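Asker: With the sequence up front, the predicted model follows.
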Amino acid sequence: DTGSAAAIPINEVDIAYVTPVTIGTPPQTLMLDLDTGSSDLWVFSSLTPSNQVRGQEIYSPTKSSTSKLLSGHTWSIRYGDGSGSRGTVYTDNFTIGGLEVKSQAVQAALEVSSSFTQEQSLDGLVGLGFSALNTVRPSSQLTFFDNARPNLDEEVFTADLKYHATGSYDFGFIDSKKYAGNITYTAVQQSPGYWTHSLSGYSVGSGAFQASQISGISDTGTTLVYLPTAIVTAYYRQVQGAQNSQYYGGYVFPCSSTLPTFTFGIEGARFTIPASYINYTRISPTSTTCYGGLQSSSGLGINIFGDVALKAAFVVFSGTNPPRIGFAIK
Ligand SMILES: Cc1c(C=O)c(-c2nnc3c4c(C[n+]5cc6c(C)n(C)c(C)c6c(Cl)n5)n(C)c(C)c4cnn23)c(C)n1C
C-alpha cells in the first residue's frame, strides 16, 4: 500500500503544517499536524470541554460505527513549548492520503492547553516518532506508521515541506519527481524515540564548512531550528543589528538586515537554508524587528532540526532495521 497527502501551512509564516485525515465510519475529516517529534495520535473530540474548543473540527466516536473504547486507557502529553493535552483512547479506522489503518489508537482529548484552543486550524497531532514515546497507559499504542508498515510497499514515509506553500507527506514510496540528485542517508539512533541523527557540520553564508558532528532530532512538529549557541552566535555575528533578546526569548534583528544562508551537512552532502527561511517573522505586524528561524538550543538539552531546516530538503524517514533518515535536494 501507499498513501500521499498534502502538508498545508496553517498561517503565512508556516508556523505549523496540517494534513487532512479521515477517522471512523462514516469518515470524519480532521486537519492534523504530522509530528515526527512525538508519538501520540490525539484529536479534539466530542469529549473535549466546549470552552476549550474554538473552531476546531472534532472526532465524535459515538458517530462512528467502527469506534471501540480502549477501556481503562488514558494518556497525557507535554510538548517542548509547554503545551499539552490528555484524555482517553478509542480505536477506529484511520486514513491518510488513501492509506487506511483499521483499529488505529485514536487518543480523544478530555483536556487541551490554551495554545491548542487558540489555534483553530489545528485539530490534533499524528505522532510519527518511534512508538516507544507513546504516552498511553497501561499499554502504549503504536503510531500510524508502525501500524501501516507491514502493508507498505516500502517501509518509509517522506516529508516534502515547503516555504509558504503546500507540500506533501508520502507513505510507502519515494517519489523521484519530488527531489533532484541522490538521497544521502545517515544513521538514526532511535532511543529514546526521536528521529535522532547527526549533522556532519555547517557553514554560514559563503564561509568555510565547519566539520563537526551535531546530534539532534528531525522534527516536523517544531517550527524553527535550535542549534548549539556557538553555531547560532557565529551566524548572527554576520547580521547587522542582531541581538539575543531576553525580552523576545531569542535572536532578533532589524527586518531590513541582510541575512546569510545557513548550510548543514548530512554525511558528505550539503543542504542550504535560504536566508528568507531564517528571516522568520516580524515580532508584531507593525514592527521593524524580526525574529530568527535559527535559535539557540541551550537549555533544551537537545538540538532540533525543525521545519525551517526540513523545508530546505526532501526528507526520507526510513523504518528499516536499523532505521535511517535520508535527505535530498529539491
Ligand atoms: C523545545 C521547543 C519546542 C519543541 O518542539 C518548541 C516548539 N516549536 N514549535 C512547536 C510546536 C508546534 C508548532 N507550532 C508552534 C507555534 C508557535 C510558536 N506559535 C506562536 C503558535 C501559534 C504555534 C503553533 Cl499553532 N504550532 N505545535 C503544534 C506543537 C504542539 C509544538 C510544540 N513545541 N513546539 C519550542 C518553541 N521549543 C522551545
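Answerer: Now that the structure is in, tell me what you want to look at. Given the structure is predicted, the values throughout are model-derived calculations rather than measurements.
Asker: Tell me where the stretch 1-150 of the chain has helices.
Answerer: Applying DSSP state H, counting those that start in this stretch to the stretch 1-150 of the chain gives helices spanning 114-118, 144-148.
Asker: Which of these sits closest to Gln104?
Answerer: Using Cβ to Cβ as the measure, helix 144-148 is the one of these that comes nearest Gln104, at 5.8 Å. For the C-beta atoms, the positions are set from N, CA and C on the backbone; glycine is no exception.
Asker: Could I get the CA-only coordinates of that closest one as PDB?
Answerer: The C-alpha coordinates for helix 144-148 follow below in PDB (Å, rounded to 0.1, in the frame of the first residue of the first chain):
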ATOM      1  CA  PHE A 144       0.000   5.200  12.400                       C
ATOM      2  CA  PHE A 145       3.300   4.400  10.600                       C
ATOM      3  CA  ASP A 146       4.100   1.400  12.800                       C
ATOM      4  CA  ASN A 147       0.600   0.100  12.200                       C
ATOM      5  CA  ALA A 148       0.800   0.700   8.400                       C
END
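Asker: just to revisit the earlier point, looking at the helices of the stretch 1-150 of the chain, which is buried most?
Answerer: helix 144-148 (a mean of 22; mean count of other Cβ atoms under 10 Å).
Asker: ok, the residue in the stretch 51-200 of the chain that the ligand sits nearest to - contacts?
Answerer: Using Cβ to the nearest ligand atom, Gly80 is the residue of the stretch 51-200 of the chain that sits closest to the ligand, at 2.5 Å. If a contact means Cβ atoms under 8 Å, 6 or more residues apart in numbering, then Gly80 has 37, 222, 300, 304 as its contacts.
Asker: wouldn't the last one be in contact with Gly221 here?
Answerer: The one in question is Ile304. No: Ile304 is not in contact with Gly221 according to Cβ atoms under 8 Å; the separation is 9.6 Å.
Asker: overlap in contacts of these two?
Answerer: Gly37.
Asker: re earlier: just the buried ones out of the contacts of Gly80, please.
Answerer: Using 16 or more other Cβ atoms under 10 Å as the burial test, those include 37, 222, 304 as buried.
Asker: Could I get the pLDDT score of the closest residue to the first one other than its chain neighbours?
Answerer: What it means is Gly37. Nearest non-adjacent residue to Gly37, counting by Cβ to Cβ, 6 or more residues apart in numbering: Asp219, 3.4 Å away. For Asp219, the model assigns a pLDDT of 98.
Asker: Run through the residues of this protein sitting next to the ligand.
Answerer: Within the chain, the positions adjacent to the ligand are 15-16, 33, 37, 79-81, 83, 119, 122, 219, 221-223, 300, 304 by Cβ under 6 Å from any ligand atom.
Asker: Now flag whichever of those is closest to Gly3.
Answerer: Using Cβ to Cβ, the residues of the chain next to the ligand come closest to Gly3 at Asp33, 16.7 Å.
Asker: Okay, and the beta partners of that closest one?
Answerer: Leu125 (DSSP bridges).
Asker: distance of Thr166 from Leu32?
Answerer: 15 Å (Cβ to Cβ, to the nearest Å).
Asker: nearest residue to Tyr202 other than its sequence neighbours?
Answerer: Closest to Tyr202 by Cβ to Cβ, 6+ apart is Phe264, at 5.1 Å.
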